[in-house]
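In: Predicted coordinates and the sequence they were generated for:
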Amino acid sequence: MAVGALEPKFNQNLFEADVYESPRETIAEMERIFKSKTREEWTTLFDGESVVRKNACVTPVLDIDEAAEFKHNLERESFSKEGTEKQNLTYTCRTVKY
């Protein structure tokens, strides 16, 4: 899973119950917690399909084929297919070609 909870509201959602003394403690606890569920279970929890959904900037780590088909990217039309290649056309950041 990828965690980008840098904004205070996302960080609060991610760490509501626990504040750790050091980054090492935080990392160790996050590893333990993330290992407790499958990628699909975590995705469901954070993607809005779950009743207990939390918006904490947490997404699954995907390969390029999965990313092109991921709900978030499909909704934003982040990828388009031209011939046999897919190309990221939506954002002004570095394009993704494969």
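Out: Sure thing, it's come through.

In: quick one: contacts for residue 1?
Out: 34, 39, 42, 58-61 (Cβ atoms under 8 Å, 6 or more residues apart in numbering). Every C-beta, even on glycine, is put in place using the N, C-alpha and C of the backbone.

In: and with 6 Å instead?
Out: 34, 42, 58, 60 (Cβ atoms under 6 Å, 6 or more residues apart in numbering).

In: try residue 67
Out: Taking Cβ under 6 Å, 6+ apart, we find residue 67 in contact with residue 73.

In: any idea how far residue 75 is from it?
Out: 13 Å (Cβ to Cβ, to the nearest Å).

In: Doesn't residue 80 belong to a strand?
Out: Yes - judged by DSSP: H, G, I helix; E, B strand; the rest coil, residue 80 forms part of a strand.

In: Extract the residue ranges of the protein that are flagged as low pLDDT.
Out: 13-20, 48-55, 81-98 (pLDDT under 70).
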